[in-house]
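S.K.: could you look at this predicted model? Sequence included:
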Amino acid sequence: MRNRSGGGMGFVVVSGGTNGMGRAFAVGRAERGDRVLVLGRNRERGEALAGGSVAFLPVDLSSVAETRQVVAHILTEHHVVDALTLFANAVAPRRVVTDEGLEQTFALYCLSRHLLSFGLRPALDRAAAPVIVNVAGVGVTRGGVRWADPQLTSGYSAVTAQLQAGRANDLLGVGFAAQSGSRARYVLYHPGFTRSGDRGPLPLLVRGLLAAASVAARPVADSVAPIHRFLDTPPAEPLTAVDRHKRLPLDLPTLDPQNAARLMQLTEKLLD
């Protein structure tokens, strides 16, 4: 990928890159010779990661205002963005409302990815072969967007919030490919259950169950490897969906274009 901008190193933005898969991916791109900008809230982890070809920009991606500021900063400082990779997510056992009045999981896991994808389009379109990789749960059929109550004011659970945001990310990829007019190739990627992430906020029982299940989980390196390939050899199609190593058809109900257009309208309303 380092030669896609006309020689020299590529420039990669990694949201949620201070921990887990995002961190491993950021380190891997730097080792391949790319310049990497890591976005994340944990200043201690970010500053420990920064150095050499890795830079860190502290940001709370659940904040619409902060995410917009970061987009403006990147566009000012970087003429070209070769790749955008979206990892940022956090499990909230209880419903949390941000200072902007948004349910936190949806704001972080979905709205920030919308803002970064569409906001960085000018810099992405200047790259030789731009690509966006949205690391979520494409291929999963459980859950859906609660159109009448996307803020989950009733019936909240961590699982419900995660599934809703996951299905919204599926539709975000469809909507971006259909409506953005961008040259960037959009990849929806489900890595499968991976030994990754901070389980600290989870209830003790849930942490114990995940620890037991992690025996069969994929190593981080295995889950990250396909993402490197997406960047090194971007797909030819505007939208690609991959569940672990399986390429998915784009006519899945979870990738419905009408629902994608509906999500775009809902997102614009929430961001207004």
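M.R.: Nice, I can see it.

S.K.: now the closest residue to Asp82 other than its chain neighbours: how far from Val131?
M.R.: The spatially closest residue to Asp82, leaving aside those adjacent along the chain, is Gly10, at 3.9 Å (Cβ to Cβ, 6 or more residues apart in numbering). C-beta here means a position set from N, CA and C on the backbone, and glycine is covered the same way. Separation of Gly10 from Val131 (Cβ to Cβ, to the nearest Å): 10 Å.

S.K.: need the residues touching each of those two.
M.R.: With contacts defined as Cβ atoms under 8 Å, 6 or more residues apart in numbering, the residues adjacent to both Gly10 and Val131 are 82-83, 231.

S.K.: phi, psi for the residue nearest to Asp82 please.
M.R.: phi -80, psi 160 (degrees, to the nearest 10).

S.K.: just checking, it touches Leu84?
M.R.: No: with contact defined as Cβ atoms under 8 Å, Gly10 does not reach Leu84; the gap is 11.7 Å.

S.K.: ok, how many other residues are close to Ser180?
M.R.: 17 (other Cβ atoms under 10 Å).

S.K.: my read is that it contacts Gly119, right?
M.R.: No: Ser180 sits out of contact with Gly119 when judged by Cβ under 8 Å, with a separation of 10.7 Å.

S.K.: show me the longest helix that occurs in the protein.
M.R.: helix 158-179 (DSSP state H).

S.K.: buried residues in it?
M.R.: Across helix 158-179, burial judged by 16 or more other Cβ atoms under 10 Å covers 158, 160-177.

S.K.: same thing with stretch 225-245?
M.R.: Buried residues in stretch 225-245 (16+ other Cβ under 10 Å): 227-228, 230-231, 234, 238-243.

S.K.: Leu248 and Val96, how far apart?
M.R.: Taken as Cβ to Cβ, the span from Leu248 to Val96 is 32 Å.

S.K.: same thing with Leu255?
M.R.: Counting by Cβ to Cβ, the gap from Leu255 to Val96 is 29 Å.

S.K.: in terms of neighbours, single out the busier of these two.
M.R.: Leu255 (22 against 16).

S.K.: the more buried one reaches Leu172, doesn't it?
M.R.: No: using Cβ under 8 Å, Leu255 is not in contact with Leu172; the gap is 10.6 Å.

S.K.: ok, which stretches of the chain are helices?
M.R.: 20-31, 43-49, 64-77, 104-106, 112-119, 121-124, 158-179, 204-213, 220-232, 257-271.

S.K.: which among those helices is found nearest to Leu188?
M.R.: Leu188 lies closest, by Cβ to Cβ, to one member of these: helix 158-179, at 4.3 Å.

S.K.: now do the closest one, average pLDDT.
M.R.: Here helix 158-179 scores 98 as its mean pLDDT.

S.K.: can I get the CA coordinates of it in PDB?
M.R.: These are the backbone C-alpha positions of helix 158-179, laid out as PDB (Å, rounded to 0.1, in the frame of the first residue of the first chain):
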ATOM      1  CA  ALA A 158     -25.700  -4.300  26.200                       C
ATOM      2  CA  VAL A 159     -26.400  -7.100  23.700                       C
ATOM      3  CA  THR A 160     -29.400  -5.200  22.200                       C
ATOM      4  CA  ALA A 161     -27.200  -2.000  21.800                       C
ATOM      5  CA  GLN A 162     -24.400  -3.900  20.200                       C
ATOM      6  CA  LEU A 163     -26.600  -5.800  17.800                       C
ATOM      7  CA  GLN A 164     -28.400  -2.600  16.800                       C
ATOM      8  CA  ALA A 165     -25.200  -0.800  16.100                       C
ATOM      9  CA  GLY A 166     -23.800  -3.800  14.300                       C
ATOM     10  CA  ARG A 167     -26.700  -4.000  11.900                       C
ATOM     11  CA  ALA A 168     -26.500  -0.200  11.500                       C
ATOM     12  CA  ASN A 169     -22.900  -0.600  10.400                       C
ATOM     13  CA  ASP A 170     -24.000  -3.100   7.800                       C
ATOM     14  CA  LEU A 171     -26.400  -0.500   6.400                       C
ATOM     15  CA  LEU A 172     -23.800   2.300   6.700                       C
ATOM     16  CA  GLY A 173     -21.500   0.400   4.200                       C
ATOM     17  CA  VAL A 174     -24.400   0.000   1.800                       C
ATOM     18  CA  GLY A 175     -25.400   3.600   2.100                       C
ATOM     19  CA  PHE A 176     -21.800   4.900   1.700                       C
ATOM     20  CA  ALA A 177     -21.300   2.800  -1.500                       C
ATOM     21  CA  ALA A 178     -24.600   4.000  -2.900                       C
ATOM     22  CA  GLN A 179     -24.700   7.700  -1.900                       C
END
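
S.K.: much appreciated, bye for now.
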